[in-house]
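Asks: just the structure for this:
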Amino acid sequence: MRFAETVRAVVTAARRRGLRPPVFRSPPRLDGVDRTIRRQPDGAVVIAVRTVGRPFAAVQADVVEGVVVANELGTSDADVFRRAAWSAIAAAERPAELVVVAAPVPGVPDASPWDSPDPGPTAPPPEGSPSAPGTSGSMGESSVRVA
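Replies: Here you go, the predicted structure:
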């Protein structure tokens, strides 16, 4: 799954820069090699990458370099693409960020819940409820017994 996500991120970065992304597959048909390149008569390029038994960063580097080689990029263009590709890989690997959406405060236009006044102390929970002091659900006690 990580290989496919990496390929998607790098191919998207290549297309955004007007490059022709190669086709990626895994594993290579040749035993004992980490990466192979085949150029088809129609101009398509196939990059095969071995993913098993090697660091995943090496696999990612092979995907990035596959685009560089397939498009025969010069030094400066290759450097620009590499930076873009690695940024795309990092963004694809980053977990989704938590977004907090504040609901409006009733009766107060353009206010957020953070603007509402502190309601002050609340009544204690009824005796015997899980959050009542002195019951097994209170924060001060633990239900784990150590022998």
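Asks: strands of the chain, start to end?
Replies: 23-25, 35-39, 45-49 (DSSP state E).
Asks: pick the most buried one from those.
Replies: When neighbours are counted by mean count of other CB atoms under 10 Å, the highest per-stretch mean among the strands of the chain falls to strand 45-49, a mean of 21. C-beta coordinates here come from the backbone N, C-alpha and C atoms, glycine included.
Asks: report all helices and strands that that one contacts.
Replies: Where contact means 3 or more CB pairs under 8 Å, 6 or more residues apart in numbering; DSSP states H and E, strand 45-49 is packed against strand 23-25, strand 35-39, helix 56-70.
Asks: partners of the first one, with directions?
Replies: Yep, that's strand 23-25 we're talking about. When pairs are called by DSSP bridges, strand 23-25 turns out to pair with strand 45-49 (parallel).
Asks: for the second one, same thing?
Replies: On the basis of DSSP bridges, the sheet neighbours of strand 35-39 come out as strand 45-49 (antiparallel).
Asks: name the residues of the longest helix anywhere in the chain that are buried.
Replies: The residue-count maximum for a helix in the chain (DSSP state H) belongs to helix 75-93. By neighbour count on 16 or more other CB atoms under 10 Å, the buried set for helix 75-93 is Ala78, Phe81, Arg82, Ala84, Ala85, Trp86, Ala88, Ile89.
Asks: closest to Phe3 out of the helices and strands packed on strand 45-49?
Replies: helix 56-70 (6.4 Å; CB to CB).
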